[in-house]
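[1] what would the 3D arrangement of this be:
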Amino acid sequence: MTPADHLYDELCLSVYNTNRYFHRLYSRVLDPYDLSYLQYMSLLIIHQQGPLKLMAIGAALDLSSNTLTPVIDKLVKKSWLQKTPSPTDKRAKVLTIPADKQPLFAQILTEVDAIRDNLLARSGRPLEDVLRENQALNDILQTMLTEEKEG
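    Model prediction:
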């Protein structure tokens, strides 16, 4: 094994652990609300973009509908989301956060903001730099996956 092989393995492990650590940090906020990280992310997309169809949420999270449908169904069952007819296509349903859940979601966002602020303060790096570097790595990985499918 070369030093480069070892470093690459460390990068993969580091990214894996970063994901796990984010989930653990967020679970401190989300567990009292009986929300998973993916459920939170689905709610966040709807909160940011307004009423959305399932496919739009899937596109934003880069998830297929068969992965996302059970997540959304649980949110509807827990009354975190409601399905309403689309104003542009009466055959389709859009997902919205009901008015009675919006204050709770605002509280969640406040708690998540505190995690983000603490992380950034400890890192000493601007959020824009961290995001740009992470997105560059994600872009390369997505390109490699696309090339693999096409090849």
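
[2] C-alpha only now, for contacts and for neighbours.
    Fine.

[3] give me the low-pLDDT residue ranges for the protein?
    1, 3-5, 151 (pLDDT under 70).

[4] and it, what are its domains?
    1-32, 34-97, 99-151 (automatic domain parsing).

[5] is it possible to get a markdown table of the ones you listed that adds mean neighbour count?
    Output for these, formatted as a markdown table (neighbours: other CA atoms under 10 Å):
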| stretch | mean neighbour count |
| --- | --- |
| domain 1-32 | 12 |
| domain 34-97 | 16 |
| domain 99-151 | 12 |
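
[6] any idea how far Leu81 is from the spatially most central residue of the chain?
    For the chain, the residue nearest the mean C-alpha position is Met41 (3.7 Å; CA atoms, centre = their mean). Applying CA to CA, to the nearest Å, the value for Met41 to Leu81 is 13 Å.

[7] overlap in contacts of the two?
    Shared contacts of Met41 and Leu81, defined by CA atoms under 8 Å, 6 or more residues apart in numbering, are absent.

[8] quick revisit: just give the closest residue to the residue nearest to the centre of the chain, not the sequence neighbours.
    In space, Met41 comes closest to Leu61 once its chain neighbours are excluded; the distance is 7.9 Å by CA to CA, 6 or more residues apart in numbering.

[9] repeat for Ser36
    In space, Ser36 is closest to Leu30, 6.5 Å off (CA to CA, 6+ apart).

[10] phi and psi next, for that neighbour.
    With angles defined as degrees, to the nearest 10, Leu30 sits at phi -80, psi -30.

[11] what sits against it?
    Residues in contact with Leu30, defined by CA under 8 Å, 6+ apart, are 36-37, 40, 108.
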